[in-house]
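Colleague: Task: produce atomic coordinates for the following.
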Amino acid sequence: MRGRLASELLGLRVRLHGIEIGRPVQILVDAEADRVLGFVVVCGDEAERFLPFAVAELRETEIAIESALTLIDERDLDFYRRRSRRLQELGLTSPCIDDRGHIYEALRAA
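Modeller: Numbering: from 1, shown residues only. Reported below is the predicted structural model:
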């Protein structure tokens, strides 16, 4: 299982064709399963928007999107917040996320 630390993903920038659109500040998880729904992104206008995980491309140095229309407006963000949990609520010490959005605890070398 290959994945990346959630903290690493939160350090990336969301970009549209190389142009920075915003930065992820929170990861929202399905209310029932340990799977990522998407990111809360603070955009250049300081508005918070929701980026569904399914339309985000996790690259080494960025979270790429193909269209600004994939970012769901701030007024609709509460819909996703009410139907999800924050990643921190899972109580994992070092959560990792794979390319399919599955969440697991990172194993540490002894």
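Colleague: how much space between Leu16 and Cys96?
Modeller: Applying Cβ to Cβ, to the nearest Å, the value for Leu16 to Cys96 is 26 Å. (C-beta placed from N, C-alpha, C; glycine too.)
Colleague: and for the helix or strand harbouring Arg15, what are the contacting residues?
Modeller: Arg15 belongs to strand 13-16 when assigned by DSSP states H and E. Strand 13-16 is contacted by residues 20-24, 39, 41, 51, 56, 62-68, 71 when judged by Cβ atoms under 8 Å, 6 or more residues apart in numbering.
Colleague: follow-up on the earlier one: Leu16 and Cys96 - which one has more neighbours?
Modeller: Comparing Leu16 with Cys96 by other Cβ atoms under 10 Å, the one with more neighbours is Cys96, at 20 against 16.
Colleague: Would you indicate which residues of the strand or helix carrying the more buried one are buried?
Modeller: If you go by DSSP H and E, Cys96 is part of strand 95-98. Residues of strand 95-98 classed as buried: Pro95, Cys96, Ile97 (neighbour count, 16 or more other Cβ atoms under 10 Å).
Colleague: what packs against the top strand by length along the chain?
Modeller: Looking across the chain with DSSP state E, the single longest strand is strand 19-30. For strand 19-30, the packing partners by 3 or more Cβ pairs under 8 Å, 6 or more residues apart in numbering; DSSP states H and E come out as helix 6-10, strand 13-16, strand 36-43, strand 48-52, strand 84-86.
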